[in-house]
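Trainee: compute the structure for the input listed below.
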Amino acid sequence: MLGHTLGKKTMMILCLAFASALAVSDAPLPAHCQAAVDAFCASSCYPLIKSRPCDGPMTARSVSGAPHGDGYKCYSPSCLNANFTRYVGGGCFCSDANQILAVLEANPGCAPPAPTPAPIPFSFAKAHGDGMVLAAAPKQAMVWGFCAPGATVQVSLDGGASIAATVGPDQATGVLTTWRAKLPPTAAGFDNHTVTATATTTTSSGDGEGEAAATATAVVALSGVLFGEVWVCSGQSNMQYPIGSAGCWNASNVNCTAGGAQCSFGCSQDAGRTIADMPAYDGGMRLFNVGGGSDPTPQPDMHSGTGWKTPSAMGGAFSAVCWFYGRDIYNALSPKVPVGLISTYVGGTPIEHWTSPAGIKACEGPNSWDFPPGKIDSVLWNAMVVPLLRTVHSGVAWYQGENNAANPRQYNCAFPAMISDWRAQWAAATDGATDAAFPFGWAQINSCGVYGCGGGGYKNPIFNPAKPPSDCGEGCAPECSTACLGRFHEWADYGNGFTGIRYAQSNALSLPNTFQAVIIDTPLANGAIHSPFKQPAGRRLARGGLAVAYGNAAAHAVDPVVSSATLSADGKSVTIAVGGLGSAGLVAVQGADAFEVLGACDPQPANGTCTADVCLCWVSTPIALASKTTVTLLALPAQPQAVRYLWYISPYSPDGRHLMPFKAPVYAPTNGDIPGAVPIPGGDDMLPLGPFVLPLK
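Mentor: Numbers count the residues shown, from 1 in each chain. Model prediction:
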């Protein structure tokens, strides 16, 4: 319950948080509106942070001294004063005002009056600009913008034949009038083109019969336009992570053992060299960054954007992963064509922020790991994806998942649902010009935190404790049942949620035209969630993109993946077969911590410790032998049932104590494979085997 009524003062704050034109009511919110907001705080917010010292249940308040700006947020009582009017400190708050407003708008009689949008002058949408890259043939690029109701719009390319634009409601809420036109398929090349749009509006000069009509004409144009490949990069902070500044990287401190600028957010490996090389790409690459923002309703145009810039003009502020991905695509394509990169990202964001209501609804259900029926979010989809939906592109590169680690089984539905929904909505908004199964690739989330689970390496955790700990993952708490966690606890083994996210990401490869970059071997010694080693992430994504989007199978011919896990007839060894290897086969570090076999704990704990007569443990089983295609495990526990690999947040280190980049237990050497590839330090010629869990055959 809200407790106190939300009267004139708080309602005014709520309304003014979104638009100064909103009407302000003197009456308190109706009881059902208060209940809806409280339910949101209890179900969607409190579970995300209840591991902190909060006393819950959370309630929606708009208070003075609020962190991160005004407007309603969810608070637990411990961080508010006795009258619930002022924030007094602590970390027990979450959500932003837009999410609360979205809840109110979804309930009849609760939404504040919506402001009438001001008409937008005849213009191109903000996703356009001089020097931009448009999709080349065989695709048909779409250009679009805003106009007055009743206008007719003609579009031409380089002064050629006029194309009648479609004029109608916008792609967001249908309130504003937009125009859109598909250009003729235009060959990729480095020639500069001009796109011109002309709007004609006719208005009557009076009300009398026979009075003349007035005609007005407006013209807008884009110059320096290139035709080529367009990619969208999106996600949270590791996609946002910039290239950095020219002097931030210290090569003698590669693993951040001595602190320094590169050990915090915003300095990628060899940033200075990367920035120095960017002018060489000014002739054929263009970069665009969507301005951050959120909104409870879909927006027809973005809040802001950088405009289209050459690489040297954008410099080190651009997304490192997006740049390295696009750079490698540009260098590898033959014949060479222009490449445009659009980045749209916000750090610290869950996938539901980026997913449309239809995508969220696809994962609603009665289970503890489902989205609850009627869940409301989509605040970044509304503000930072919908305004791009009319942009025809080649595919998406994605880096996100850390903020969903509390419920990886939910992510197992939400991630592929988002991919499928983005594809469908982009194809529809571009009148089929964007492929309805466009390529979609992602970086599997990296190592984070100290080595092992809770530090100190592998601890042979009990699989079936009678009283499981409370940190089995928010989607499965408090029962921690196998029905929820999965047969082999693949959906997080007692709070180790990154493992389940990686598993869900690998599962999404079942969708067509998808690819994944395994980057679990690029950690920092300090365990930071933001690693500076973004060049391997971009390079490995480019391998997949070249294969899936451009048919260059050789670029992705080496992609190590487990083929099988077989228990010997005498039960004394397990053979792991690995596929996706090159001519050099695999390289394995004998004796390395990496694999665990599920079997009887030794020694067996006291009676009553486990749910069955036999306590099962994930027993650390070091690599004993390796061939060019297999790894063999010996010294197995009794009753072996399954095997898993790298099933920890930070799963390995070369000496069992210190994290180091590019030191995975099992690697596959590449065959070179990428034409024109820029040499990168570490992680270039060796691809790590990714995490997995399998029953023993």
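Trainee: dump the C-alpha coordinates for the lengthiest strand in the chain into CSV.
Mentor: In the chain, taking DSSP state E as the definition, the longest strand is strand 213-235. In CSV, the C-alpha atoms belonging to strand 213-235 read as follows (Å, rounded to 0.1, in the frame of the first residue of the first chain):
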residue,chain,number,x,y,z
ALA,A,213,-6.3,27.6,-52.8
ALA,A,214,-2.7,28.4,-51.7
THR,A,215,0.1,26.0,-52.4
ALA,A,216,3.3,25.9,-50.4
THR,A,217,6.4,24.0,-51.3
ALA,A,218,9.3,23.0,-49.0
VAL,A,219,12.5,21.2,-50.0
VAL,A,220,15.0,19.3,-47.8
ALA,A,221,18.1,17.4,-49.0
LEU,A,222,20.9,15.1,-47.9
SER,A,223,24.3,15.4,-49.5
GLY,A,224,27.4,13.3,-49.5
VAL,A,225,25.3,10.1,-49.1
LEU,A,226,27.1,6.7,-49.6
PHE,A,227,25.6,3.4,-50.4
GLY,A,228,26.9,0.3,-48.6
GLU,A,229,26.4,-1.9,-45.6
VAL,A,230,24.6,-0.6,-42.4
TRP,A,231,24.9,-2.3,-39.0
VAL,A,232,23.1,-1.5,-35.8
CYS,A,233,25.0,-2.1,-32.5
SER,A,234,23.1,-2.2,-29.2
GLY,A,235,23.1,-3.4,-25.6
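Trainee: pull out the buried residues from that strand.
Mentor: Using 16 or more other C-beta atoms under 10 Å as the test for burial, strand 213-235 gives 218, 220, 222, 225-235. Bear in mind the C-beta positions are built from the backbone N, C-alpha and C, glycine included.
Trainee: low-confidence regions, the stretch 151-300 of the chain specifically.
Mentor: Scanning the stretch 151-300 of the chain for pLDDT under 70 picks out 204-212.
Trainee: so where do the strands sit in it?
Mentor: When assigned using DSSP state E, counting those that start in this stretch, the strands of the stretch 151-300 of the chain occupy the ranges 152-157, 163-164, 166-169, 177-182, 189-204, 213-235, 285-289.
Trainee: in contact with Val619, which residues?
Mentor: Applying C-beta atoms under 8 Å, 6 or more residues apart in numbering, we find Val619 in contact with 460, 596-599, 601-602, 636-637.
Trainee: closest to Ser334 among the residues you listed?
Mentor: Comparing those against Ser334 with C-beta to C-beta places Glu596 closest, at 44.6 Å.
Trainee: residues contacting the closest one?
Mentor: By C-beta under 8 Å, 6+ apart, Glu596 lies in contact with 458, 460, 618-621, 643-645, 647.
Trainee: buried among the residues you listed? Make that a ChimeraX selection.
Mentor: In ChimeraX, this line selects whichever of the contacts of Glu596 come out buried by 16+ other C-beta under 10 Å:
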select :458,618,619,620,621,643,644,645,647
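Trainee: of the contacts of Glu596, closest to Tyr399?
Mentor: Checking those one by one against Tyr399 (C-beta to C-beta), the nearest turns out to be Trp647, at 21.4 Å.
Trainee: about what we covered before: do you know which of the strands of the stretch 151-300 of the chain lies nearest Cys79?
Mentor: strand 213-235 (29.8 Å).
Trainee: in its sheet, which strands sit next to the longest strand of the chain, and in what direction?
Mentor: Paired strands of strand 213-235, with direction, are strand 133-135 (parallel), strand 189-204 (antiparallel), strand 339-345 (parallel), strand 395-399 (parallel) (DSSP bridges).
Trainee: then Gly538 would be within a strand, right?
Mentor: No: counting by DSSP: H, G, I helix; E, B strand; the rest coil, Gly538 is not part of a strand but helix.
Trainee: quick one: contacts for it?
Mentor: 320-328.
Trainee: if we use 10 Å, what do you get?
Mentor: 233, 268, 319-329, 397, 399, 443, 517, 519, 545, 680 (C-beta atoms under 10 Å, 6 or more residues apart in numbering).
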